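> curious how this folds, go ahead:
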Amino acid sequence: MGRKGRISRRSFALVAMGTMAGALTPAQAGAAERVPPSAPDARPAGGGAAPLADELRGMWIASVSNIDWPASPGQSAEAARADLLELLDVAVGWELNTVFFQVRPTADAFWPSPHEPWSEWLTGTQGQDPGWDPLAFAVEEAHARGLALHAWFNPYRVATHTDRSRLTADHPARRNSDWAVAYGGRLYYNPGLPEVRAFVQDAMLDAVAGYDIDGVHWDDYFYPYPVAGESFDDADAFREHGGDFDDLGDWRRHNIDLLVREMRERVAEAKPDIPFGVSPFAVWRNRSTDPLGSDTRGGVQTYDDLYADVRTWVKEGWIDYVIPQVYWHIGNEAADYAVLAAWWSDVADGTGVALYLGEAAYKVGDPAQPAAWQDPAELSRHLTLCAEEHPQVGGHVFYSAKQVAADPLGAISRVYEDHYRAAAGG
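You can find the predicted model right below:
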């Protein structure tokens with residue numbers, strides 16, 4: 001691996017099995033001091049770098065609703081490119097090695113896709129050609145900086161509204177009127193339709209085949225998060241495709257299992273060396289619901305509410321890596337970071353599936369959050385806990401890029417000083 005942080009499918013498996021988890025590979029020579037990420041050349045001197053396959057340090061770059069990038073719909077290409085370069089330089093400045101770049105947020109595309117329209121989050125008008133290829137640009141510039149880039153896709157979300165007339169005239173959800181379900185003020189593809197499952201895979205695989213990406217990444221949305229007083233209308237699909245299933249929930253989980261298994265097989269066939277991973281909501285099931293679950297209480301359970309049986313995916317090796325979003329502080333009464341880090345470590349141990357933990361940088365300094373998130377050392381404590389107690393954890397990913405850049409309360413600086421600077425030779 002000539003580029004810093006580019007991690008193959010095989011390397012992901014090695015991390016998961018604990019063969020590398022305790023070691024840190026020095027980064028580029030000459031990086032004795034951290035270069036502030038705001039600087040245009042915020043990267044260590046020298047071109048190549050020692051591989052960092054033994055520790056993943058990442059951040060998510062979210063495009064949906066313009067969370068991180070682009071700054072606004074319709075931003076000029078020049079400004080959008082400059083902002084994206086700034087975020088990549090932020091990653092390098094903090095000695096991160098991987099970015100998860102959202103390229104299909106709402107059944108649309110940040111590349112010229114033959115299957116789906118250009119994203120409205122890019123141009124302001126869905127289907128409008130921006131005149132450049134953001135995915136190609138991001139891959140080239142990430143690799144130039146020694147960063148791995150995982151293309152981040154949302155499989156089933158169609159729109160953040162329910163007005164189908166706002167979709168492009170040739171949008172698959174308009175051409176196939178039965179494909180989409182309105183729920184909770186949004187539109188979603190129906191996971192129970194085999195033709196939908198095949199289509200969304202085709203749409204994502206176009207980017208896999210056409211670009212030198214370093215991984216395929218899904219977030220936590222499968223069936224939508226539950227909305228009080230509403231039901232997801234897939235009764236017709238259940239009647240037609242439910243087969244021998246008596247229970248709607250079991251059938252829904254089966255649909256998502258098929259999506260995951262088929263996608264991994266197709267990614268492996270198209271690009272054998274790149275990993276496929278998922279970042280689920282971190283509570284699979286509460287122990288009060290299932291003795292195999294975590295000692296957590298209340299709230300969403302991915303198995304029961306999103307119909308995503310992530311524990312089985314890990315145990316069966318249907319994915320190459322998992323990044324549970326452990327977005328709570330140490331000591332949280334309902335969902336303790338320490339409890340969930342231990343639970344996921346136990347689940348992943350010996351499976352060959354790499355485990356990384358998602359970190360809630362967005363909560364740091366937020367006055368609406370508990371006192372723990374007003375402490376700049378909270379995130380650093382998470383990394384210390386895992387380093388000392390859970391060798392199965394092969395790294396951490398921060399949500400999201402704007403917060404990593406903003407360094408709220410100096411929390412990212414603290415992570416860097418406590419955990420990343422030594423590996424950079426500083």
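> the helices in the stretch 151-300 of the chain, which residues?
Using DSSP state H, counting those that start in this stretch, the helices found in the stretch 151-300 of the chain span residues 172-175, 194-210, 235-241, 248-270.
> need the contact partners of stretch 197-212.
By CB atoms under 8 Å, 6 or more residues apart in numbering, the surrounding residues in contact with stretch 197-212 are 103-104, 107, 109, 111, 113-116, 135-136, 139, 143, 151, 153, 155-156, 172, 179, 189, 191, 213, 216, 255, 258-259, 262-263, 266-267, 270-271, 274. C-beta: built from backbone N, CA, C; applies to glycine.
> which members of those residues occur in strands, if any?
103-104, 151, 153, 189, 216 (DSSP state E).
> mind putting those into TSV with distance to residue 200 and pLDDT?
Output for these, formatted as TSV (distance: CB to CB, whole Å; pLDDT from 0 to 100):
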residue	distance to residue 200	pLDDT
103	14	98
104	9	98
151	14	98
153	8	98
189	6	98
216	13	98
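> rebuild these as CSV, extending it with neighbour count.
Shown next, in CSV, are those (neighbours: other CB atoms under 10 Å):
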residue, neighbour count
103, 28
104, 28
151, 24
153, 22
189, 21
216, 26
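> from those residues, pick the one nearest residue 386.
residue 216 (24.6 Å; CB to CB).
> nearest residue to that closest one in space, please, no chain neighbours.
residue 276 (4.5 Å; CB to CB, 6 or more residues apart in numbering).
> separation between that neighbour and residue 357?
Distance from residue 276 to residue 357, counting by CB to CB, to the nearest Å: 18 Å.
> same question for residue 297.
For residue 297 relative to residue 357 (CB to CB), the value is 20 Å.
> again with residue 104
As judged by CB to CB, residue 104 and residue 357 stand 24 Å apart.
> if we can go back for a sec, would TSV of the helices of the stretch 151-300 of the chain with distance to residue 88, mean neighbour count and mean pLDDT be doable?
Converted to TSV, these look like this (distance: least, CB to CB, whole Å; neighbours: other CB atoms under 10 Å; pLDDT from 0 to 100):
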stretch	distance to residue 88	mean neighbour count	mean pLDDT
helix 172-175	32	17	97
helix 194-210	18	18	98
helix 235-241	41	14	98
helix 248-270	24	18	98
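> still on that earlier bit, the residue nearest to residue 216 touches residue 265, doesn't it?
No. Judged on CB atoms under 8 Å, residue 276 makes no contact with residue 265 at a distance of 9.4 Å.
> list the buried residues in the host helix or strand of residue 88.
Assignment of secondary structure by DSSP states H and E places residue 88 within helix 77-93. The neighbour-count criterion (16 or more other CB atoms under 10 Å) identifies 80-81, 84-93 as the buried residues of helix 77-93.
> tell me the buried residues in stretch 156-176?
Applying 16+ other CB under 10 Å to stretch 156-176 flags 156-159, 162, 167-168, 171-174 as buried.
> and stretch 132-150, by the same measure?
Those would be 134-135, 137-139, 141-143, 145-150, for stretch 132-150 by 16+ other CB under 10 Å.
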